Structures are given as C-alpha cells and as structure tokens.
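**Q** coords below, sequence missing:
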C-alpha cells in the first residue's frame with residue numbers, strides 16, 4: 001500500500017559501527033564467512049555480542065540462512081546462578097561453538113510490527129540460544145583516564161551479574 005513506510009517491514013541487516021553510510025557489510029555475508037571458519041577450525045569457540053539496531057528475527061533469519069544454527073547448542077534455559085557456565089572444552093565437545101549475546105532481548109522488533117516480521121518473529125521470541133548480554137556480563141565505566149582510576153573503582157556501568165561471583 002502507498003501509506004506503508006519501508007520502516008514498517010524488515011530490511012537486510014548490515015554490520016557497521018557508528019555511521020553506516022561510511023562503510024558496512026551484509027550480516028549474512030559475514031555469517032557465511034564465520035560458518036566457514038567454524039567448519040575449518042573445529043576447536044575454536046566464537047562469541048558474538050550484537051549492539052542491535054534491527055529486529056532479532058532478522059538476525060535469526062541470517063543465522064539460519066548461513067547454516068550457523070547447528071553451532072548454537074548452548075541454551076539460555078540451561079543457565080542459572082546454581083549452574084556454572086560450561087568450559088571451553090565442553091562447548092567444543094558438544095559442538096556448541098557459537099554463543100550469541102545481544103543488548104536487546106530475544107523478542108526485540110526495532111519498532112516493526114511482529115506480524116510484518118513473519119514466522120521468524122514467533123520463533124525468535126522462544127529462541128533458546130539468544131542471550132541478553134547484561135544478564136551474563138558486566139562492564140565498567142568508560143570515563144577512566146588512567147589505569148589507577150580503573151584499579152580504584154569497582155563500580156559497574158551496566159550488567160546484572162553479582163560482582164561477588166566474578167573471579
């Protein structure tokens with residue numbers, strides 16, 4: 001229809017940092033390269049942290065198209081404060097060698113109506129391997145000007161992880 005904006009429907013997903021007009025690459029092309037890397041290097045584990053400005057369903061579409069879902073065996077449903085993270089060897093042995101984290105939760109739509117995202121949107125709301133980064137990681141402030149400032153301040157900028165559990 002004439003009154004529908006292109007922003008109402010998903011577009012291709014690009015990787016970029018800062019201004020995408022300066023330079024970007026298609027996520028799906030980079031994911032194919034990543035799949036080839038994992039195939040050629042069976043003892044490597046890759047962690048991706050998305051700073052996300054697109055619907056989760058669109059990223060999941062590209063992960064599936066690239067053939068990466070077979071490496072996404074580690075589930076957010078198996079993580080709890082009572083259960084430690086697997087070792088790298090356990091991830092390698094189970095071929096769960098790709099961990100996906102994002103600063104947006106698994107049902108994030110970037111303002112696009114769920115019905116316009118298609119079947120993948122429904123799947124993305126239940127995807128086990130999509131991990132919300134701030135449930136599992138923390139970061140310090142970015143404002144330190146010297147190493148001494150960082151050493152003397154253990155205050156976290158964001159993240160819900162209990163700092164006493166970190167070692």
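**A** Perfect, I can see it now. Bear in mind that the values here come from a model prediction, so they are computed numbers and not experimental data. Numbering: from 1, shown residues only.

**Q** show me where pLDDT drops low in this structure?
**A** For the chain, the stretches with pLDDT under 70 are 1-11, 76-82, 107-126, 154, 157, 159-167.

**Q** mind listing the strands for it?
**A** 14-15, 25-26, 46-50, 98-102, 130-132, 139-140, 156-158 (DSSP state E).

**Q** could I get these as CSV with distance to residue 92?
**A** Every C-beta, even on glycine, is put in place using the N, C-alpha and C of the backbone. Converted to CSV, the strands of the chain look like this (distance: least, C-beta to C-beta, whole Å):
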stretch, distance to residue 92
strand 14-15, 26
strand 25-26, 28
strand 46-50, 11
strand 98-102, 11
strand 130-132, 18
strand 139-140, 27
strand 156-158, 30
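
**Q** Ok, which of these comes nearest residue 62?
**A** Closest of the strands of the chain to residue 62 is strand 25-26, at 8.2 Å (criterion: C-beta to C-beta).

**Q** Given the closest one, what are its sheet partners and their directions?
**A** Here strand 25-26 has these sheet partners by DSSP bridges: strand 14-15 (antiparallel).

**Q** how far away is residue 93 from residue 64?
**A** Distance, residue 93 to residue 64, using C-beta to C-beta, to the nearest Å: 24 Å.

**Q** Who has more neighbours out of the two?
**A** Shown here are residue 93 and residue 64; by other C-beta atoms under 10 Å, residue 64 has more neighbours (15 against 11).

**Q** could you measure residue 13 against residue 151, distance?
**A** Applying C-beta to C-beta to residue 13 and residue 151 gives a distance of 39 Å.

**Q** more crowded one of the two?
**A** The neighbour comparison of residue 13 against residue 151 (other C-beta under 10 Å) goes to residue 13, with 20 against 9.

**Q** Please find the angle between the direction vectors of the lengthiest helix in the chain and strand 46-50.
**A** Longest helix in the chain, counting residues (DSSP state H): helix 27-40. Interaxial angle, helix 27-40 versus strand 46-50 (axes from the mean of the first three to the mean of the last three C-alpha atoms, to 10 degrees): 160 degrees.

**Q** Go through helix 27-40 and flag the buried ones.
**A** Of all the residues in helix 27-40, those buried under the rule 16 or more other C-beta atoms under 10 Å are 27-28, 30-32, 34-35, 38.

**Q** Likewise for stretch 135-142?
**A** residue 137.

**Q** From the chain's centroid, how far away is it?
**A** 15 Å (C-alpha atoms, centre = their mean, to the nearest Å).
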